[in-house]
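> Sequence and predicted model, in that order:
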Amino acid sequence: MNALLALTLSLTCSNTQPQPNVLFIAIDDLNDWVGCLGGHPQAHTPNIDRLARRGTLFTNAHCQAPICGPSRASMLSGRYPHTTGVYVQPKGPLDNDQKFFSGQMLPRYFARHGYLTMGVGKIHHGFTQTRSFEVNGPKGRSGPKPPNEFRFHYHLPDNPWSGTQTDWGAFPDVDSKMPDYETAGWAEEQLQKQHDRPFFLAVGFHRPHVPFYVPEKWFDRLPLNSVQLPPVRTDDLDDVPQIGRDLHAVPKYPGLSFLTENDNEQFKRCTQAYLACTTFVDHQVGRVLDALDASDYANNTIIVLVSDHGYHLGEKDRVSKHGLWEESTRVPLIISLPGGTTTRTSNKPVGLIDVYPTLLELAGLPAKAENAGRSLLPLLNKSDTSWRHSILTTYARGNHSLRSEDYRYIRYENGAEELYDHRSDPQEWKNIAANPAHANVLKKFRNELPQGDAPYHARQSPKPINAWFQKHLNRNGVR
């Protein structure tokens with residue numbers, strides 16, 4: 001144990017509980033539309049914001065796969081998709097994969113070292129969650145649904161790859177009918193109990209995952225006529241390589257042509273609904289934080305809050321994830337140490353891959369050599385310390401994105417590239433990869449790409465999301 005860690009634990013752990021507890025909060029599909037990240041001027045997330053004020057906010061944090069299953073498999077196993085082969089949604093449980101997953105998941109590692117592990121809501125996707133935790137609450141679901149969709153069709157007759165849950169509207173009538181409400185309540189109950197071991201409590205919320213349904217009261221705080229739309233360009237894909245347009249084209253999700261009809265009517269409603277969902281889930285986060293603060297564990301618990309990936313709301317002509325651009329890869333990541341009162345912000349490129357080794361070091365548990373990420377403890381101590389140049393995100397085998405402090409670089413399986421300078425182009429509107437002035441920037445990124453890509457995992461879904469994916473999966477031997 002290094003000197004900094006020993007000092008941290010000695011100052012924060014009680015005499016009766018020498019190891020810190022862990023409260024791990026995972027939110028589904030939450031992008032940077034959070035007050036402390038400034039992704040949308042009307043984001044109202046007071047509870048996530050107050051957590052950021054008592055810890056370290058990583059403003060340049062990114063997922064390792066921009067889709068639920070692969071992202072969570074990577075974060076909870078500590079392995080990159082290009083080494084496990086989990087690039088898209090698993091078609092069945094990954095439980096029996098001894099090499100990468102069985103026994104390797106983060107909660108099970110804590111359990112093997114004496115922790116009581118408890119899980120509720122959505123933590124895993126593609127792994128039997130009850131196998132990860134000793135005590136399990138309701139896993140929940142994406143939420144109750146009305147008899148008929150409000151805005152967007154689930155199935156399009158002329159599109160064989162359709163079948164989205166994308167929809168938005170006020171439903172149901174009260175919070176208590178939302179699974180996330182039940183999730184927060186179960187977590188509150190666990191924090192009120194006496195535990196004879198340090199605990200790892202994982203709390204997974206579904207919203208703002210589609211469908212964007214929450215009760216009317218969460219819509220009421222932001223009247224439709226006052227909604228500010230995110231900045232978008234109709235020509236945003238013109239300088240994107242054809243493979244980039246094909247890979248990211250997900251026809252089962254709405255695009256700008258649908259959103260902007262009738263003077264942006266559905267664009268406003270979609271934006272309002274996503275913001276309403278983020279405020280709703282922020283309130284549930286607040287319930288859990290309040291319960292922790294009122295408990296005996298308030299001064300002895302590490303808090304981590306993450307999202308599994310971001311989300312596009314009109315940018316790049318889409319309302320979806322499934323992308324290697326900023327809106328899909330960037331995630332909230334906050335770490336608050338026990339008794340923490342110092343507010344720090346770090347813009348270093350970090351990833352969800354770093355959560356596993358960070359928690360092991362903070363809890364004083366043995367490091368795992370298999371973990372591909374880096375402990376964030378140096379950044380928790382000094383936010384501007386020397387760090388890696390870029391962090392990796394992968395979507396479909398052979399397609400990678402690297403994000404540094406100043407640039408985003410994308411390289412596709414056929415060698416096509418994109419490059420964006422975030423200092424002058426934070427919206428990623430101008431692809432400058434063909435500009436010879438950036439040759440050295442490109443060279444550095446190319447040297448940081450994975451040296452090999454594992455074949456698709458045997459349990460990868462054979463269901464394509466578009467025509468390009470069908471051909472891609474066939475080429476890679478996935479049926």
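Looks like it came in fine.
> show me what contacts the nearest residue to G38 once chain neighbours are set aside?
Using Cβ to Cβ, 6 or more residues apart in numbering and skipping residues adjacent in sequence, the residue nearest G38 is D32, 7.3 Å away. Using the backbone N, CA and C atoms, a C-beta is placed for each residue, glycine as well. Going by Cβ atoms under 8 Å, 6 or more residues apart in numbering, D32 touches G38, G39, H40, G310, E327, R330, V331, P332.
> D32 and P90: what is the separation?
According to Cβ to Cβ, to the nearest Å, D32 and P90 sit 27 Å apart.
> And for P450?
Separation of P450 from P90 (Cβ to Cβ): 20 Å.
> Compare the two and say which is more crowded by neighbours.
Ranked by neighbour count (other Cβ atoms under 10 Å), P450 and P90 place P90 first, with 20 against 14.
> so the more buried one makes contact with P462?
No: taking contacts as Cβ atoms under 8 Å, P90 lies outside contact range of P462: 11.2 Å.
> any weak-confidence spans in this structure?
For the chain, the stretches flagged by pLDDT under 70 are 1-17, 153-163.
> What residues of the top helix by length along the chain count as buried?
Ranked by residue count and defined by DSSP state H, the top helix of the chain is helix 261-293. By 16 or more other Cβ atoms under 10 Å, the buried positions in helix 261-293 come out as 264, 266-289, 291-292.
> Following element in sequence after it, please.
strand 301-307 (DSSP states H and E).
> which strands and helices sit next to the strand or helix carrying L392?
For L392, the host element (DSSP H and E) is strand 391-394. If you count contacts as 3 or more Cβ pairs under 8 Å, 6 or more residues apart in numbering; DSSP states H and E, strand 391-394 packs onto helix 81-84, strand 350-351, strand 400-403.
> ok, and what's touching it?
Contacts for strand 391-394 (Cβ under 8 Å, 6+ apart): 60, 62-66, 70, 80-82, 87, 324, 329, 349-351, 353, 400-403, 448, 450.
> and if you look at stretch 188-199?
In contact with stretch 188-199 (Cβ under 8 Å, 6+ apart) are residues 17, 19-22, 114-118, 120, 135, 137, 201, 287-288, 291-292, 294-297, 363.
> Not counting sequence-adjacent ones, nearest residue to the spatially most central residue of the chain?
In the chain, the residue lying closest to the centroid (Cα atoms, centre = their mean) is D308, at 1.9 Å. In this structure, D308 finds its nearest non-sequential neighbour in S71, 4.4 Å apart by Cβ to Cβ, 6+ apart.
> Can you give the distance of the helix or strand harbouring that neighbour from its chain's centre?
Here S71 sits within helix 68-77, counting by DSSP H and E. Offset of helix 68-77 from its chain centre (Cα atoms, centre = their mean, to the nearest Å): 9 Å.
> Measure how it sits relative to strand 301-307, angle-wise.
Angle between the axes of helix 68-77 and strand 301-307 is 150 degrees (criterion: axes from the mean of the first three to the mean of the last three Cα atoms, to 10 degrees).
> Which strands or helices does helix 68-77 pack on?
In this structure, helix 68-77 packs against helix 81-84, helix 106-112, helix 355-363, with contacts taken as 3+ Cβ pairs under 8 Å, 6+ apart.
> Tell me how far stretch 75-90 lies from the chain's centre.
14 Å.
> Can you dump the C-alpha atoms of that stretch in PDB for me?
Listed next in PDB are the C-alpha coordinates belonging to stretch 75-90 (Å, rounded to 0.1, in the frame of the first residue of the first chain):
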ATOM      1  CA  MET A  75     -15.800  -1.800 -17.000                       C
ATOM      2  CA  LEU A  76     -16.700  -4.700 -14.700                       C
ATOM      3  CA  SER A  77     -14.100  -7.100 -16.000                       C
ATOM      4  CA  GLY A  78     -11.400  -4.500 -16.400                       C
ATOM      5  CA  ARG A  79     -10.700  -5.700 -19.900                       C
ATOM      6  CA  TYR A  80     -10.900  -3.900 -23.300                       C
ATOM      7  CA  PRO A  81     -13.400  -5.100 -26.000                       C
ATOM      8  CA  HIS A  82     -10.500  -5.700 -28.400                       C
ATOM      9  CA  THR A  83      -9.100  -8.300 -26.000                       C
ATOM     10  CA  THR A  84     -12.400 -10.000 -24.900                       C
ATOM     11  CA  GLY A  85     -14.100  -9.900 -28.300                       C
ATOM     12  CA  VAL A  86     -17.300  -8.400 -26.800                       C
ATOM     13  CA  TYR A  87     -17.900  -5.600 -29.300                       C
ATOM     14  CA  VAL A  88     -21.700  -5.600 -29.500                       C
ATOM     15  CA  GLN A  89     -24.600  -6.900 -27.400                       C
ATOM     16  CA  PRO A  90     -24.100 -10.500 -26.100                       C
END
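> tell me the SS of F445?
helix (DSSP: H, G, I helix; E, B strand; the rest coil).
> Please apply the same query to Q228.
Under the three-state scheme (three-state DSSP), Q228 adopts coil.
> show me what contacts it?
Applying Cβ under 8 Å, 6+ apart, the residues contacting Q228 are H40, P41, Q42, T271.
> for H283, same thing?
Contacts of H283 (Cβ under 8 Å, 6+ apart): N47.
> Roughly how far does it sit from H422?
Distance from H283 to H422, counting by Cβ to Cβ: 32 Å.
> now swap in H125 and tell me
For H125, the distance to H422 - Cβ to Cβ - is 29 Å.
> more neighbours, those two?
H125 (20 against 16).
> got the contact list for that one?
Contacts for H125 (Cβ under 8 Å, 6+ apart) come out as C68, G69, R72, A73, Q89, P90, D308.
> now for those residues, which pair is the farthest apart?
P90 and D308 (14.1 Å; Cβ to Cβ).
> can I get the contacts of D32 in a markdown table with secondary structure?
Shown next, in a markdown table, are those (three-state DSSP):
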| residue | secondary structure |
| --- | --- |
| G38 | coil |
| G39 | coil |
| H40 | coil |
| G310 | coil |
| E327 | helix |
| R330 | strand |
| V331 | coil |
| P332 | coil |
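> From these, list just the buried residues.
By neighbour count, with 16+ other Cβ under 10 Å, the contacts of D32 hold G39, H40, G310, E327, R330, V331, P332 as buried.
> Look up the closest residue to the first one, ignoring the ones flanking it.
Excluding the flanking residues, the one nearest G39 by Cβ to Cβ, 6+ apart is D32, at 3.2 Å.
> would that neighbour count as being in a helix?
No: counting by three-state DSSP, D32 is located in no helix; its state is coil.
> ok, the contacts of Q228 vs L359, which is closest?
Looking across the contacts of Q228 and measuring by Cβ to Cβ, the closest to L359 is H40, at 29.6 Å.
> are any of the contacts of strand 391-394 buried, and which?
Using 16+ other Cβ under 10 Å, the buried ones in the contacts of strand 391-394 are 60, 62-66, 70, 80-82, 87, 324, 329, 349-351, 353, 400-403.
> got the contact list for the residue lying closest to T234 once chain neighbours are set aside?
Excluding the flanking residues, the one nearest T234 by Cβ to Cβ, 6+ apart is L256, at 6.3 Å. Taking Cβ under 8 Å, 6+ apart as the criterion, L256 is in contact with V232, T234, F267, G314, D317.
> so how far is C63 from A372?
14 Å.
> I am finished for the moment; much appreciated.
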